[in-house]
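[1] build me a structure from this.
(2 chains)
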Protein chains: 2
Amino acid sequence: MSRLALSDADKEARDWFIETAKARNCSTTVDAMGNIFAVRPGRRQGPPTFAGSHLDTQPAGGRYDGILGVTSGIEMIQVLDDHWVETEFPVGVVNWTNEEGARFPISMLASGVWAGEIPLSHAHELREVGHGNAGATVASELARIGYLGSTPCSHEATPMAAHFELHIEQGPTLESTSRKVGIVHGAQAYRWFTIEVTGRAAHTGATSFAHRADALLAAARMVSYARAAAEKHGALASTGIMNVEPGSTNTVPGHVKFSLDVRAAKDHIVDAVEEELRNAFSAIAKGEMPSGVGMMQDAEKGKPCIVEWTTDSNSPAIDFHEDCISCVRKSAEATVGDETDLTMDMRSGAGHDSVYASRQCPTSMIFVPCKDGVSHNPEEYTAPEDCAIGAQVLLGAVLRFDRLRARRGW
Amino acid sequence: MSRLALSDADKEARDWFIETAKARNCSTTVDAMGNIFAVRPGRRQGPPTFAGSHLDTQPAGGRYDGILGVTSGIEMIQVLDDHWVETEFPVGVVNWTNEEGARFPISMLASGVWAGEIPLSHAHELREVGHGNAGATVASELARIGYLGSTPCSHEATPMAAHFELHIEQGPTLESTSRKVGIVHGAQAYRWFTIEVTGRAAHTGATSFAHRADALLAAARMVSYARAAAEKHGALASTGIMNVEPGSTNTVPGHVKFSLDVRAAKDHIVDAVEEELRNAFSAIAKGEMPSGVGMMQDAEKGKPCIVEWTTDSNSPAIDFHEDCISCVRKSAEATVGDETDLTMDMRSGAGHDSVYASRQCPTSMIFVPCKDGVSHNPEEYTAPEDCAIGAQVLLGAVLRFDRLRARRGW
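    Next comes the predicted model:
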């Protein structure tokens, strides 16, 4: 699937979403970020309980990431309609704009604006990256496809009683432990850094180890060290990008820039990993071998490199709402049985629109297994029966929350 | 200096070379690879003793690499002429084409053809890389600038009695030990490999270490290991290129390709390093920690990666000719004093036209210090007095070899 945010393909999917919701007597609202809210009335007035996610994908993405959460919301509406179910309060389905951050380079962009965490003007001015039309902005593309809505994009203009998001796990844990449903308690803290190591370019044949300031050797040791240090703290550390300059077989690299992604269940763990790595990377750049984690020994010290850190983003750990988690748990147990071993309590490793939603309303997520944990890839796959289980749990969680509100008199 | 082989700038330098040589009554020959041989007659007939190197540079190169060896040859001719020196046999200066391999991607291209190691047709058909005119070949550019000579490019058509090459060291050894002249005994063996590590792309937040097949982590460990293993063997191992895919901050890399350059004074040492690294890289790809060199410990084993090796080039160690080395030594001692500590016996870490020349005639090289060992860079610098010492040693070595031939009746 290739459905970049606000492309012609995205417009088609949006049109389908609105037509389908309207055919089931939902009212629809489009806000200034193109978020679409479809609402089915309840017995009483009040903010709807929402299911939802996003319909945009990575440039070479899969058919489930985000999409499953929206189509299951539509399915929920249809099931309620087919069975003449009246809810106490309205229920709704939301399609958030540009969750992937693939076309416009901020992830979870429009839920971030809705939650008041990203200024609307900043979001509107964001330019397309790397897909051909460098002049296009979020605002210009919203206008072009007819989805620049008149409703302000905010949690005040479009309040939610709760936000439930069904999503594929995007990791291998459920599949490898033969679970069917992940009950998601929150999202990991993560912090992204760019690390630049500057040494000195030199001829590989003519420069002894003692005379080298080898930026790639230092970077390689940092990547190895980060892995071991993160493990020690119960965290994750990953490098996904590495640029090596000048980039010639017979030149010792003088400059290396790499990404570092540190994640953990708690903010203080991310802090601790960052602190350890700042100290260790400084030592490695000087050619010293930091202690505390087994490291390369015996190597002759070269000339020192310089290491510089830039913090690119910082997302604190998120705890979802106990009531929502409880609704998901009960619905999951009703779906797969409460004496089986088919559910699992977990935290999301990835970011989701639910992270921003949870800042403004009770939120939880439901994970279903995906094959080999693969995502952001055409091979992404979740079996139809697992999609159905997820949709059933979503429906049940929304209905349980609706009844809970009525019972508590919210 | 930016003087790519067979460019307009190269044509200007070639024209200057021929004009200058002719003005000193040298005969000049251009062969089918554009190599230029300028010859000053001696008392007797016979193959000339040559000084020489190359006038082409890297795209952002220095003013000494190669150039010093040719201009010092011209200086030699002028000094002989100014002082009415008659040599026993002819002496000459050679400018070899495309030594850098920067525009047409084989280094020491035309000395390789001359030595019979590279087929002429292959060299002629070689296409320009990355400098704008993708259709240009060596043959078309030779013709365009008027340097497609009619003399066959071969050591039979243009024989040499010997080849002496003055060159900047391109490393920091002479400078850091306060030596003035390197007496070059030969060139290191080197072997170039491309190593491909294939793991599996995965989400950094959603994939535990145990579920990762992290191609970059494996590659980082390989780079670290190669450094330590090479040191143990008294060799050099270097990685100058590393490509990481898919290349996104929140994706564990599924594929990494990197260069590995192994060098040592002797072929069997390169063999031993290669053997050790093949075993160690296989172990590292499986998540095991090879013994023998201190390595990262404690890390939880992930999923295995696959490692594949390609040998890109293999250049055996070269031993230069004892007579030539002796001529360089005596000339150096005559220039800087034989009781000083200003000379050093060494091997070339880099490739040079002398490597191919040595396959067909007695050869040696003379190194002079360059600032901080920097080369292939606009900052490349050798002090004028060090250039003068080098030129003096070159002149003396050529004259000594000329007399040696006469004495031995060659």
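[2] tell me which helix or strand A:Gly73 sits in.
    helix A:67-82 (DSSP states H and E).
[3] can you tell if that helix touches chain B?
    No: taking C-beta under 8 Å from any C-beta of the partner chain as the criterion, helix A:67-82 and chain B are apart, separated by no less than 15.2 Å. (C-beta placed from N, C-alpha, C; glycine too.)
[4] which helix or strand lies directly C-terminal to that helix?
    Using DSSP H and E, the helix or strand that follows helix A:67-82 towards the C-terminus is strand A:91-96.
[5] could you report the pLDDT at A:Asp298?
    Looking at A:Asp298, its pLDDT reads 53.
[6] and the helix holding A:Gly73, what does it pack against?
    helix A:8-23, strand A:36-40, strand A:49-54, strand A:91-96, strand A:162-168, helix A:384-408 (3 or more C-beta pairs under 8 Å, 6 or more residues apart in numbering or on different chains; DSSP states H and E).
[7] what about A:His352, distance to A:Asp261?
    16 Å (C-beta to C-beta, to the nearest Å).
[8] which one of the two has more residues nearby?
    The neighbour count for A:His352 versus A:Asp261, taken as other C-beta atoms under 10 Å in any protein chain shown, is higher for A:His352 (27 against 24).
[9] now for the more buried one: which residues touch it?
    By C-beta atoms under 8 Å, 6 or more residues apart in numbering or on different chains, the residues touching A:His352 are A:Ser53, A:Glu99, A:Met108, A:Glu165, A:His167, A:Ala187, A:Met365.
[10] make it 10 Å
    By C-beta atoms under 10 Å, 6 or more residues apart in numbering or on different chains, the residues touching A:His352 are A:53-54, A:65-66, A:69, A:96, A:99, A:107-108, A:111, A:165, A:167, A:170, A:184, A:187, A:318, A:358, A:363, A:365.
[11] now swap in A:His211 and tell me
    Applying C-beta under 10 Å, 6+ apart, the residues contacting A:His211 are A:Arg200, A:Ala202, A:Val252, A:Gly302, A:Lys303, B:Gly171, B:Pro172, B:Thr173, B:Glu175, B:Ser176, B:Asp372, B:Gly373.
[12] filter the residues you listed down to the buried ones, PyMOL style.
    Entered in PyMOL, the line below selects the buried ones among the contacts of A:His211, by 16 or more other C-beta atoms under 10 Å in any protein chain shown:
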select buried, (chain A and resi 200+202+252+302+303) or (chain B and resi 171+172+173+175+372+373)
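[13] what is the neighbour count of A:Phe401?
    The tally of other residues near A:Phe401 (other C-beta under 10 Å) stands at 28.
[14] hmm, I typed the wrong one, I wanted A:Asn25.
    When neighbours are defined as other C-beta under 10 Å, A:Asn25 has 10 of them.
[15] SS state for it?
    coil (DSSP: H, G, I helix; E, B strand; the rest coil).
[16] just checking, what packs against the helix or strand of chain A with the lowest mean pLDDT?
    Lowest on mean pLDDT, DSSP states H and E among the helices and strands of chain A sits strand A:202-203, with a mean of 88. Packing partners of strand A:202-203 (3 or more C-beta pairs under 10 Å, 6 or more residues apart in numbering or on different chains; DSSP states H and E): strand A:251-252.
[17] just the C-alphas of the very next helix or strand once past the strand it packs on, formatted as CSV.
    Downstream of strand A:251-252, the next assigned helix or strand under DSSP H and E is strand A:255-264. The C-alpha trace of strand A:255-264 is given here as CSV (Å, rounded to 0.1, in the frame of the first residue of the first chain):
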residue,chain,number,x,y,z
HIS,A,255,33.2,12.2,9.8
VAL,A,256,30.3,9.9,10.7
LYS,A,257,26.8,11.0,11.6
PHE,A,258,24.4,8.5,13.1
SER,A,259,20.9,8.3,14.7
LEU,A,260,20.4,7.0,18.2
ASP,A,261,16.9,6.0,19.3
VAL,A,262,16.6,5.2,23.1
ARG,A,263,13.4,3.8,24.5
ALA,A,264,12.2,2.5,27.8
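[18] strand A:255-264 pairs with which strands, and in what direction?
    Paired neighbours of strand A:255-264 in the sheet (DSSP bridges): strand A:189-198 (antiparallel), strand A:236-238 (antiparallel), strand A:242-245 (antiparallel).
[19] show me the contacts for A:Thr50.
    Slight slip there: residue A:50 is Phe, not Thr. A:37-39, A:73, A:90-94, A:158-165, A:357, A:361, A:363, A:398, A:401.
[20] can you say which of those are buried?
    Using 16+ other C-beta under 10 Å as the burial test, the contacts of A:Phe50 include A:37-39, A:73, A:90-94, A:158, A:160-165, A:357, A:361, A:363, A:398, A:401 as buried.
[21] returning to what we had before: would you turn the strands paired with strand A:255-264 into TSV with mean neighbour count and mean pLDDT?
    Output for those, formatted as TSV (neighbours: other C-beta atoms under 10 Å in any protein chain shown; pLDDT from 0 to 100):
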stretch	mean neighbour count	mean pLDDT
strand A:189-198	21	96
strand A:236-238	28	97
strand A:242-245	20	94
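[22] so which of those strands is nearest A:Leu394?
    The closest of the strands paired with strand A:255-264 to A:Leu394 is strand A:189-198. By C-beta to C-beta, the value is 25.5 Å.
[23] tell me how far the closest one lies from the chain's centre.
    Strand A:189-198 sits 18 Å away from the centroid of its parent chain (C-alpha atoms, centre = their mean, to the nearest Å).
[24] how about the residues of the stretch 51-200 of chain A by chain B?
    The interface of the stretch 51-200 of chain A toward chain B, taken as C-beta under 10 Å from any C-beta of the partner chain, is made up of A:58, A:60, A:65, A:101-102, A:107, A:168-173, A:175-176, A:187-188, A:190, A:192-194, A:200.
[25] among these, which lie within strands?
    Counting by DSSP state E, the part of these found in strands is A:Ile168, A:Ala187, A:Tyr190, A:Trp192, A:Phe193, A:Thr194.
[26] please name the nearest non-neighbouring residue to the fifth one.
    Leaving out its chain neighbours, the residue that sits closest to A:Phe193 by C-beta to C-beta, 6 or more residues apart in numbering or on different chains is A:Leu260, at 4.3 Å.
[27] wait, what's in contact with that neighbour?
    A:191-195, A:222-223, A:226, A:230, A:237-241, A:273-274, A:277, A:281, A:309, A:311-312, B:249.
[28] let's go with 6 Å and repeat that
    Contact partners of A:Leu260, counting by C-beta atoms under 6 Å, 6 or more residues apart in numbering or on different chains, are A:Phe193, A:Ile195, A:Thr239.
[29] what is the neighbour count of the residue nearest to A:Ala189 when sequence neighbours are not counted?
    Distances taken as C-beta to C-beta, 6+ apart put A:Ala317 closest to A:Ala189, at 3.8 Å, once the chain neighbours are dropped. For A:Ala317, the neighbour count with other C-beta under 10 Å is 19.
[30] just checking, A:Ala317 touches A:Arg191?
    No: A:Ala317 is beyond contact range of A:Arg191, at 10.8 Å (criterion: C-beta atoms under 6 Å).
[31] any idea how far chain B is from A:Ala32?
    28 Å (C-beta to the nearest C-beta, to the nearest Å).
[32] what's the distance between the closest residue to that residue other than its chain neighbours and A:Trp96?
    Spatial nearest neighbour of A:Ala32, chain neighbours left out: A:Cys153 (4.4 Å); criterion: C-beta to C-beta, 6+ apart. Using C-beta to C-beta, we find A:Cys153 at a distance of 10 Å from A:Trp96.
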